[in-house]
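Asks: Generate a structure from the sequence data that follows.
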Amino acid sequence: MTTAQPLKFEAPDQGEETARADLYGVLASLFYAPPSQHMLETIAAAPNEGDGVLRQAWGEVSAACASASAEQVRDEYDSLFIGVGKPEVILYGSYYLAGFMMEKPLAALRTDLARLGLEREQHVNESEDHIATLCEVMRYLIASDDVTHANLATQKQFFGQHLQPWVSQLCDAIEAHPQAVFYAPVARLAKAFFEVEMQAFDMA
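Replies: This is a model prediction of the structure:
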């Protein structure tokens, strides 16, 4: 299972599902590692489609990408999410769900991933409950041609169990951190998108 895929910005006529998958892919990439200068430039130049809160949030991220350098963002990423000892902001779901890393929520997640036929690739150091990995799984469940697993019911179940209970808390923690300059608008975009997903799944 790969936690970050190359960015692909599709034309709007490719449909809402492609846009959802692409946004999950962007978030996976931004949370998995600090973006390269090329990625910053790609996001800054991408069209701002859609409307409402998501359009505004994407515009803020695009502006942040246009004004930031890869070196600045790398320093911020390291300061926020890696650090010395305990990170300033933890990106793993088990911490928010259980208060500790590598707890029962991670075991339940691994069971569900195995049921979906997914497993962590050997070169990936992060555990499966990293926010980037979970976003990448959602991207897969939306974009995959595997109709057995990639369907709305599976998306709703996976999101409801492994993302919905804690992602807003993560986004709030990032946005509130005084060192979050680039990642504050990224967190606002993520929270706005996750809230749209929650509302859509509630109506599904």
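Asks: Which parts of this protein are helices?
Replies: Along the chain, counting by DSSP state H, helices occupy 16-32, 37-45, 52-67, 70-77, 93-98, 104-115, 131-143, 152-162, 167-176, 183-203.
Asks: if we compare those helices, which one ends up closest to G85?
Replies: Smallest distance to G85 across the helices of the chain (C-beta to C-beta): 14.4 Å, for helix 93-98. Where C-beta positions appear, they are placed from N, C-alpha and C, glycine not excepted.
Asks: Quick check: buried residues in the closest one?
Replies: Residues of helix 93-98 classed as buried: G93, S94, Y95, Y96, L97 (neighbour count, 16 or more other C-beta atoms under 10 Å).
Asks: for this protein, which spans come out with low pLDDT?
Replies: 1-14, 49-51, 122-124 (pLDDT under 70).
Asks: again, only using 80
Replies: Along the chain, the parts satisfying pLDDT under 80 run over 1-15, 48-51, 84, 100-103, 120-125, 147, 149-150, 204.
Asks: if we can go back for a sec, could you export the buried residues of helix 93-98 as CSV, including distance to M138?
Replies: Listed next are the buried residues of helix 93-98 as CSV, based on distance: C-beta to C-beta, whole Å:
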residue, distance to M138
G93, 13
S94, 18
Y95, 20
Y96, 17
L97, 17
